[in-house]
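Peer 1: build the 3D model from these lines:
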Amino acid sequence: MKRLQKLSFCALLLTSLAFAGCGAPQGSTTGEQAPAAEQAAAPQTMQVNLSTGEPNTIDPGLAEDIPSMSVARAAFDGLLRLNEKGELKEAIAEKYEVSPDGLTYTFHLRDAKWSNGDPVTARDFEYAWKRVLNPETASAYAYQMYYLKNGEAYNAKKAKAEDVGVKATDDKTLVVTLENPAPFFPELVASVTYFPVNQKAVEANKDWASKPETYVGNGPFVLKTWEHKSKIEFVKNDSYWDKNSVKLSKLTINMIEDANTELSMFENGDLDWAGSPLGDLPLDALESLKDSGKMQTQATAGTYWYIFNTTQKPFDNKKIRQAFATAVNRKEITESVVPFKSTVALDILPPTMALNPDGYIKDGDVETAKKLLAEGMKEEGITKLPELTIAYNTTEVNQRIATVIQDQWRKAFGIEVKLVNKENKVHREQMKEGNFMIGRASWIGDFNDPINFLEVFKGGLNTSKWENKEFLDLLAQSAKEGDAEKRKEILKKADAIVMDEMPAMPIYYFTYAWVKQDSVKDVVIDALGFIDFKYASNEKK
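Peer 2: A predicted model of the protein is given here:
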């Protein structure tokens with residue numbers, strides 16, 4: 001998501017002008033209702049909100065958080081896609097076969113077009129996948145392509161592009177060869193990173209994904225306008241192969257960071273959806289929204305955590321990292337700060353992927369934490385900790401959690417920790433650059449397998465900069481293990497190493513919470529927490 005980012009939330013803003021096409025026909029002065037057939041044909045629009053503000057990118061090959069991926073998902077279509085029931089179905093691929101050894105996938109493409117009129121071909125997928133892997137692209141999600149034969153080698157400049165296991169044998173046939181069998185590969189193929197891009201558009205303009213005039217997609221919607229830091233508007237793509245499944249004529253994604261404003265707009269009818277996975281609900285309103293029956297919730301495969309920068313003192317010391325993680329009272333956070341939106345996390349792996357259901361941390365064990373801190377400081381030869389900072393992107397939830405943890409560490413260790421908040425894009429960049437000590441982050445699974453979380457701690461997404469050879473060897477070993485139970489045991493060992501070394505401190509597992517207008521139907525939020533508006537409808541009366 002994904003580096004979850006704020007791994008996904010729905011968007012808001014603008015006014016009821018967006019709904020001018022609904023209800024009585026324009027110019028009507030009789031006050032009478034339009035005929036049923038005319039009402040049924042009225043344009044359907046939807047207003048949502050992106051509470052993190054401006055998406056980091058809407059290039060599917062570079063997207064690494066839920067906001068960016070959600071926008072890209074509206075404009076693009078992959079070989080496979082989840083339907084309105086959350087079932088994995090063929091999309092641009094009309095059908096596909098898998099070899100008996102699980103190493104070769106052959107996808108047969110249907111007739112489809114890009115928004116500029118070009119045909120979508122197998123070569124578009126080959127180009128897009130190799131573009132993600134190309135080290136010059138610097139895609140943080142390149143590791144998601146390592147399942148392709150020689151994918152990792154090409155990304156590491158140890159193989160050529162032509163050696164990668166993806167080949168368009170003709171315009172309608174894509175042959176994919178894997179490094180090792182990966183039963184979750186079809187699920188991965190449906191993810192944003194595996195979407196195609198139009199080679200002509202990408203190579204004509206390096207900033208092709210920054211404005212509507214040059215943004216070429218092949219999905220349910222076409223980018224119409226992008227008012228930066230204000231709103232993104234999509235309109236239905238009449239060239240889309242499955243256009244009959246698309247009910248919305250217009251989708252507006254607003255960028256309002258204040259949760260109270262978001263809820264107020266929803267209550268005034270200016271938003272059709274407020275809250276997860278793109279937006280946010282005010283924490284103080286959760287109880288009343290739950291009691292009213294308006295709020296809907298859904299557990300998802302995501303973990304909210306703090307990352308320790310293991311290259312900076314004192315967090316280059318394992319025991320000090322363990323101490324700070326052990327001192328946190330997660331129960332207090334889940335019950336008093338984010339009720340209905342969280343459950344205590346004692347492992348980086350969410351419950352759907354848990355290899356040790358009991359977890360690894362004693363929640364809020366201050367005595368053990370003090371002991372670990374003393375031992376760690378002795379190992380470092382220090383008697384006083386340097387100034388410590390918690391960096392987080394600006395939201396109400398992040399601010400309150402940081403304040404609570406700041407207070408918990410003050411009481412446990414008698415120290416003061418400075419809070420540093422930045423807008424989402426700046427925060428993410430500073431995390432990547434290593435310009436932090438303790439940084440708020442999160443992860444929402446791209447597919448339902450522990451490897452997807454464990455691989456966060458290697459490669460481009462590993463902002464902690466933690467390294468452990470045994471851990472990396474176990475991940476490599478798991479990729480080659482064909483026996484499911486043996487592979488599970490290997491990954492369990494890797495998970496235990498991460499939780500012992502503590503490059504990241506899990507805090508809670510995500511539960512999405514949102515409210516929607518009664519007229520809104522068939523918005524897909526899958527078990528991993530991704531949102532899709534392809535099938536959404538909004539028949540307002």
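
Peer 1: what's the closest non-adjacent residue to Arg440?
Peer 2: Of all residues not flanking Arg440 in the chain, Tyr392 sits nearest, at 3.8 Å (CB to CB, 6 or more residues apart in numbering). From N, CA and C alone the C-beta is placed, and that goes for glycine too.

Peer 1: and that neighbour, what element?
Peer 2: Under the criterion of DSSP states H and E, Tyr392 resides in strand 388-393.

Peer 1: and the contacts of the following helix or strand past that strand?
Peer 2: Using DSSP H and E, the helix or strand that directly follows strand 388-393 along the chain is helix 396-413. By CB atoms under 8 Å, 6 or more residues apart in numbering, the list of residues contacting helix 396-413 from outside reads 259, 280, 282-283, 304, 306, 323-324, 327-329, 332-333, 336-338, 341, 364, 366, 369-370, 373, 385, 390, 392, 415-417, 419, 421, 440, 507.

Peer 1: are any of those buried, and if so which?
Peer 2: 259, 280, 282-283, 304, 306, 323-324, 327-329, 332-333, 337-338, 341, 364, 366, 369-370, 373, 385, 390, 392, 417, 421, 440, 507 (16 or more other CB atoms under 10 Å).

Peer 1: show me these that map onto helices.
Peer 2: Among those, the ones falling in helices (DSSP state H) are Ala259, Ala323, Phe324, Glu332, Val366, Ala369, Lys370, Leu373.

Peer 1: dump those residues into JSON lines; add pLDDT and distance to Val164 as well.
Peer 2: Output for these, formatted as JSON lines (pLDDT from 0 to 100; distance: CB to CB, whole Å):
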{"residue": "Ala259", "pLDDT": "95", "distance to Val164": "44"}
{"residue": "Ala323", "pLDDT": "98", "distance to Val164": "44"}
{"residue": "Phe324", "pLDDT": "98", "distance to Val164": "42"}
{"residue": "Glu332", "pLDDT": "97", "distance to Val164": "49"}
{"residue": "Val366", "pLDDT": "98", "distance to Val164": "51"}
{"residue": "Ala369", "pLDDT": "98", "distance to Val164": "47"}
{"residue": "Lys370", "pLDDT": "98", "distance to Val164": "51"}
{"residue": "Leu373", "pLDDT": "98", "distance to Val164": "47"}
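
Peer 1: the residues you listed: which two are farthest apart?
Peer 2: Ala259 and Lys370 (36.0 Å; CB to CB).

Peer 1: what about Leu419, helix or strand, and which?
Peer 2: strand 417-422.

Peer 1: what's the angle from whatever helix or strand comes next after that strand to strand 388-393?
Peer 2: With elements assigned by DSSP H and E, the helix or strand that comes after strand 417-422 is helix 424-433. Counting by axes from the mean of the first three to the mean of the last three CA atoms, to 10 degrees, helix 424-433 lies at 130 degrees to strand 388-393.

Peer 1: now do the buried residues in helix 424-433.
Peer 2: Buried residues in helix 424-433 (16+ other CB under 10 Å): Asn424, His427, Arg428, Gln430, Met431.

Peer 1: check contacts around Ile390.
Peer 2: The contact partners of Ile390, by CB under 8 Å, 6+ apart, come to Tyr306, Ala402, Ile405, Gln406, Val417, Lys418, Leu419, Val420, Met437, Ile438, Gly439, Arg440.

Peer 1: from the residues you listed, pick the one nearest Ser139.
Peer 2: Set against Ser139, the nearest of those by CB to CB is Gly439 (21.0 Å).

Peer 1: bridged to the closest one, which residues?
Peer 2: Gly439 has these beta-bridge partners by DSSP bridges: Ile307, Ala391.

Peer 1: next structured bit after the helix or strand of the chain with the lowest mean pLDDT?
Peer 2: Within the chain, no helix or strand scores below helix 36-40, which has a mean of 43 by mean pLDDT, DSSP states H and E. Going down the chain from helix 36-40, the next helix or strand is strand 45-49, by DSSP H and E.

Peer 1: which elements pack onto that following strand?
Peer 2: Packing partners of strand 45-49 (3 or more CB pairs under 8 Å, 6 or more residues apart in numbering; DSSP states H and E): strand 250-254, strand 273-275.
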